[in-house]
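>>> Quick one: sequence plus predicted model below, questions after.
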Amino acid sequence: MSFEWLTEARLKVKALVNRKRLERDLEEELQFHLAMREEKNRTLGLAGDEAQTAARRQFGNVTLVKEDCHELWIFSWIETLWKDVQYAARILAKEPGFVTVVVFSLALGIGANTAVFSVMNAVLLQATPYQHPETLVTLWSINKLDSSDDDETVPIADVATWKKANHVFSDITAVGFIDPATLTGLGEPLQVPVQFVAPNFFALVGVQPVLGRVFRLEESHEDSQTIVISDEFWKTKLHGDARVLGKTFRINDVDSTVVGVMPAGFKTFGPWMPAKHVDVWCPVNPEDARYANRVGFWVVPLARLKPGVTLTQAQLEVDVLAHAFEKAHPQHDKGVGERVISLHDTLYKYAQSQLYPLLAAVGFMLLIGCVNVANLMLARTESRQKEYSVRASLGAGRNRLVQQLLVESGLLTLLGGSLGVLLSFWGIHLLRAFAKELPNAEDIHMNGHVLFFAVALSVVTALLFGLGPAVRASRPNFNDTLLQGESRTSTGRHGRTRYLLVVSEVALAMVLLVGGGLMINSLLRMALPSPGFDPKNVLTMTVKFPETGGKYLQKTPGKPLERISPEVTFYHQRLIEGISVLPGVESVGMITMLPPTGCGGRTFSVLGHSAPPDGKPPFLCSNEVSAGYFRTMKIPLKKGRYFDERDTTSAPWVVLISETTANRFFPNEDPIGQRIQLHYTFNEVDEERPRQIVGVVGEVKQVGMGGLHPLVYEPFLQQPEVYPGGSDGFHLAGTLVIRTVSDVYTREADIIAAAKQMVKQMDPDQPVTGISTMQDVLKDSLSSYRAYVIVLGVFAAMAVLLASVGVYGVLSYFVNRRVREMGIRYALGAQRRDVFILVAKLGLTLAGIGVGIGLVLALGLNRFMKEHFWLFHVKATDPLTYTAVGFLFLCIALLACYVPARRAANVDPITILRHE
Amino acid sequence: MGQKKAEPGDLLRDTLDMLILKTLSRGQMHGYAIAEYIHQTSEEVLRVEEGALYPALHRLELRGLLVADWGASESNRKAKYYRLTAAGRKQLAEETARWGRMTSAIARILEPA
């Protein structure tokens, strides 16, 4: 093998560096030859000019030879390309309007797609950090008698039973909720996210601690346990202390000794919590006798399929076993089946349901952008037909023409793509706000993968909109074009193609607008109406006493009963009294769970009413409150009376109900004075004694901002001392609502400091959590939905903008092409109004057809929207939304028609006709 | 940039290349002299346009078979002189051998049996 190519490259580079010299040398060499030949000819007897002419004849085409030689010396394709780029840049610079629209259309499409891809890439395309995650499944309970078909958590005792009974799983473990717990022993009491898992969890997912080991069951006792901590907790809170193993803290008043540190990047999940950070893992033993009563519903079983067992086979076996459970525990497990769900779906299904509509939206946007660009390119190709014909006649090959056009579209895409990547930084920022509750959300950022996606997308786009017009341009009938010049009156076949494109982009944008409109409508209906109370100038904070540790909650040995220390009620009461006398405080109340964060589930029956026909007791949403709660929150009294100082522990037990409760359960009678018996839902145990309804209060959005639930309020003073197991946590928590006399933000610092001081005096290990203003609580409750709606709304708005630009573009083109016809029309006596209407009518017809098709398409897609868009109080076929967005779009289209129509109407006939 | 493989259709081009190499084996020459020499020795059998010589020369130069230098001609003009490189000599030998084999093969076919 010779190194010819090396010599060649070296020489070519030399020639490239000194291009002028190459030209000069070539010129001189050929001139030398011609001169020599001329001289020879003269010696042969030819005179003067004849000698020179003969020399040239003998030589052949000098220019061609020069070009042939020249071509040998250059890196031909690169240089032709460079020339094309220069030419394209010159041509494009002359058309800033066209370039702006094209670049903007592409930038929006590519930017939005890149941003959404960055989320998909982080959330969905990352491997679950467990060994063979594809053979991991979770088990959920479903109530076949219930129409909702929701997945529920199973009793923790099931995990133990499953382990013994099944043949399809190689192992099974329990993964608990992730809840904040109080950690003391590190300076100030801390709230850290804690998760209870069975000790075999770590081995089952195949991840071992980087330091130490996992905990063992025999180390877990009533008042002490061993724990495993996260890498992050170790590094930030413990400063990476190498002697961390053996350190002991108190977590919820249980002595907890660190025995292991998990590796960085280890992720966990909980029931309905696909993505939550955990700092501390504590052991739970599903086989513990205390869970035998099957009332603990706070874990999800995680199992590994035996090799070769499919999900369907596992489900079959689970069905059989669930049937056996139903027989064994008719009381709890009636109609209860279990469902096997792959870990992948457990973790990502929710994220998928959120991301797919976004993906569809940005896909539509890109498509609209491409249609826009293709349309403009088409129009441009037609008006440049003459240029192409001339170039082709002068000998430009078809390939050169296609290459030239592809270079132009490539340049446009480069601009659009770069701008799109810039835009996507902002888009990613916007998406992070809504995606913060999705798994791996912390990994959402611009990176190599995302950038590669943007580049690949740009290339595909460039080919998509560039190749069509390029091929079209390369095969016109040049003779015809040159002979006829431009056709000026007919719109012809190409006109129809353009109209078709405009109609389709309007239709696509319309579908997006309907989707966005439905979501915005839904958001407005959630956010606009009053939450049922006045959130202004209200400060909130929570004091939740720990369940474990035995200080505030004592378990009754051998019985599923738990006794709450009277200090809990006493401390909360003292806090309310103490804060209410602070300067600047108008009034103070307390509730277990703030609206709109939730309530405790209770079933109930009305004394003297017959049982409901289906045998299922109705459900109420319950909270314990202080007497001052309603006045502080300004929740209006509708009937009867508020709680007051009469409702003490020893007085008859009472409740307040909301209007929804009153209307639903007492439609034809006065609820005041009725007596109800509440039951604990987990174990169907009656409350100690019945309660009397003393008043009806206004509606409150207690559970999310979506719907209204039937509410019941119990005085926190009128509570039992002993609870059935699992129902006690409620009374331990109290959230204070503090109304200030003036702006809450100027007062909050003093109040918070005073409250913390009071709590410290009661129990120095007790933290105060959830400090926030009521307005912020409300804002937070909607923040991720709001962010989602904003994202979709922005996408829809951009799509509409793009489609309007499309309408504008095609009309402008129409007017330009027919300007001569307009001139003639004026000359023949047409009114400006007529011409204006002619143009506007065309635009509105196109937009109208597009809007119509879009509405029909959206209706067709309403099933998808119902499934993937969270809509509250709005049907996916809501006529108001459809009408409103249709009308809105037509108005925008009218605007897009106005400018070209105006221009057509202002045509000066004399100028036009003279121009001919 | 890679070297181009000779194809059957390039027979004329290959022949021209070979003639140039052969011509230059006598020493360095400028383009005009090469053209003249080929004209004379081929007794005007190979009538190509003289211009066609130059792309061929440049191609051979780029392949590293020739090197070129500027010098003064007999009539004291500036001229570009070409001469063979080692690679060029080797190429010429190979080509000549191949040519010989081919012509003798053709001759055998055409000879009466």
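In hand now; what should we look at?
>>> same question for the helix or strand where residue A:256 lies, mean pLDDT?
Assigning secondary structure by DSSP states H and E places residue A:256 in strand A:254-261. Along strand A:254-261, the predicted confidence averages to a pLDDT of 92.
>>> Specify which residues of chain B, grouped into ranges, have pLDDT under the cut-off.
B:1-12, B:43-48, B:112-113 (pLDDT under 70).
>>> residue boundaries of the strands in it?
B:29-30, B:66-72, B:78-84 (DSSP state E).
>>> Tabulate the CA atom coordinates of stretch B:97-111 in CSV.
In CSV, the C-alpha atoms belonging to stretch B:97-111 read as follows (Å, rounded to 0.1, in the frame of the first residue of the first chain):
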residue,chain,number,x,y,z
ALA,B,97,5.2,-4.8,-17.8
ARG,B,98,1.5,-5.0,-17.7
TRP,B,99,1.2,-3.4,-21.1
GLY,B,100,3.7,-5.9,-22.5
ARG,B,101,1.7,-8.8,-21.1
MET,B,102,-1.4,-7.4,-22.5
THR,B,103,-0.1,-6.6,-26.0
SER,B,104,1.5,-10.0,-26.3
ALA,B,105,-1.8,-11.6,-25.2
ILE,B,106,-3.7,-9.6,-27.8
ALA,B,107,-1.1,-10.4,-30.4
ARG,B,108,-1.4,-14.2,-29.7
ILE,B,109,-5.2,-13.9,-30.2
LEU,B,110,-4.9,-12.1,-33.4
GLU,B,111,-2.1,-14.2,-34.9
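>>> Just checking, which helix or strand of chain A averages the lowest pLDDT?
Of the helices and strands making up chain A, the lowest-confidence element is helix A:478-484, at a mean of 53, by mean pLDDT, DSSP states H and E.
>>> Now the very next helix or strand once past that helix: average pLDDT?
Secondary structure here is assigned by DSSP H and E; on that basis, the next helix or strand after helix A:478-484 toward the C-terminus is helix A:492-527. Computed over helix A:492-527, the mean pLDDT rounds to 80.
>>> Which other helices and strands does helix A:492-527 contact?
Helix A:492-527 is packed against helix A:343-383, helix A:774-817, helix A:832-860, helix A:862-868, helix A:879-905, with contacts defined by 3 or more C-beta pairs under 8 Å, 6 or more residues apart in numbering or on different chains; DSSP states H and E. Heads up, the C-betas are built off the backbone N, CA and C, glycines and all.
>>> which other helices and strands contact the longest one?
Packed against helix A:774-817 by the contact rule (3+ C-beta pairs under 8 Å, 6+ apart) you find helix A:96-123, helix A:343-383, helix A:398-435, helix A:492-527, strand A:538-544, helix A:832-860, helix A:879-905.
>>> The shortest one pairs with which strands, parallel or anti?
Which is strand A:538-544. Applying DSSP bridges to the sheet, strand A:538-544 is found paired with strand A:733-740 (antiparallel), strand A:769-773 (antiparallel).
>>> got a list of contacts for the first one?
Around strand A:733-740, the neighbours that count as contacts under C-beta atoms under 8 Å, 6 or more residues apart in numbering or on different chains are A:537-545, A:572, A:575-576, A:579, A:584-594, A:624, A:629, A:632-633, A:716, A:747-748, A:751, A:755, A:770, A:774.
>>> tell me the pLDDT at the closest residue in space to residue A:533 that isn't next to it in sequence?
Excluding the flanking residues, the one nearest residue A:533 by C-beta to C-beta, 6 or more residues apart in numbering or on different chains is residue A:633, at 3.9 Å. The model reports residue A:633 with a pLDDT of 94.
>>> re the thing from before, present the strands of chain B as TSV; the columns should include mean neighbour count and distance to chain A.
TSV is the format used below for the strands of chain B (neighbours: other C-beta atoms under 10 Å in any protein chain shown; distance: least, C-beta to the nearest C-beta, whole Å):
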stretch	mean neighbour count	distance to chain A
strand B:29-30	21	7
strand B:66-72	15	8
strand B:78-84	20	5
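>>> just checking, residue A:344 touches residue A:134?
Yes. The pair residue A:344 and residue A:134 qualifies as a contact (C-beta atoms under 8 Å) at a distance of 7.2 Å.
>>> higher neighbour count, the two?
With neighbours defined as other C-beta atoms under 10 Å in any protein chain shown, residue A:344 and residue A:134 compare such that residue A:344 has more, 15 against 11.
>>> any idea how far residue A:311 is from that one?
In this structure, residue A:344 and residue A:311 are 11 Å apart, going by C-beta to C-beta, to the nearest Å.
>>> what do you get for residue B:41?
When C-beta to C-beta is applied, the distance between residue B:41 and residue A:311 equals 86 Å.
>>> and if you look at residue A:69?
From residue A:69 to residue A:311 the distance is 71 Å (C-beta to C-beta).
>>> Compare these two and say which is more crowded by neighbours.
With neighbours defined as other C-beta under 10 Å, residue A:69 and residue A:311 compare such that residue A:69 has more, 21 against 15.
>>> Off-centre distance for the helix or strand encompassing the more buried one?
Element membership for residue A:69, per DSSP H and E: helix A:62-73. Its chain's average C-alpha position is 60 Å from that of helix A:62-73, according to C-alpha atoms, centre = their mean, to the nearest Å.
>>> What about residue A:241, how many residues nearby?
12.
>>> quick one: secondary structure of it?
Remark: residue A:241 carries the secondary structure label coil [criterion: DSSP: H, G, I helix; E, B strand; the rest coil].
>>> got the CA coordinates for the strand holding residue A:256 in CSV?
Taking only C-alpha atoms (Å, rounded to 0.1, in the frame of the first residue of the first chain), the coordinates of strand A:254-261 have been written out as CSV:
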residue,chain,number,x,y,z
VAL,A,254,-36.5,5.3,69.4
ASP,A,255,-32.8,4.8,69.9
SER,A,256,-31.5,4.2,66.4
THR,A,257,-28.0,3.0,65.7
VAL,A,258,-26.5,3.4,62.2
VAL,A,259,-25.2,0.1,60.8
GLY,A,260,-24.9,0.9,57.1
VAL,A,261,-24.7,3.7,54.5
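>>> and residue A:770, what does it touch?
For residue A:770, counting by C-beta under 8 Å, 6+ apart, the contacting residues are A:540, A:541, A:542, A:594, A:735.
>>> now do residue A:792
Counted by C-beta under 8 Å, 6+ apart, residue A:792 has contacts A:357, A:358, A:361, A:515, A:516, A:519, A:869.
>>> Which of those residues ranks first by neighbour count?
Per-residue neighbour counts (other C-beta under 10 Å) across those peak at residue A:515, which has 29 neighbours.
>>> which ones are touching it?
Residue A:515 is in contact with A:357, A:361, A:792, A:796, A:858, A:865, A:869, counting by C-beta under 8 Å, 6+ apart.
>>> mind checking pLDDT for residue A:914?
Residue A:914 is given a pLDDT of 68.
>>> repeat for residue A:849
pLDDT, residue A:849: 92.
>>> any idea how far chain B is from it?
In this structure, residue A:849 and chain B are separated by 55 Å, where distance is defined by C-beta to the nearest C-beta, to the nearest Å.
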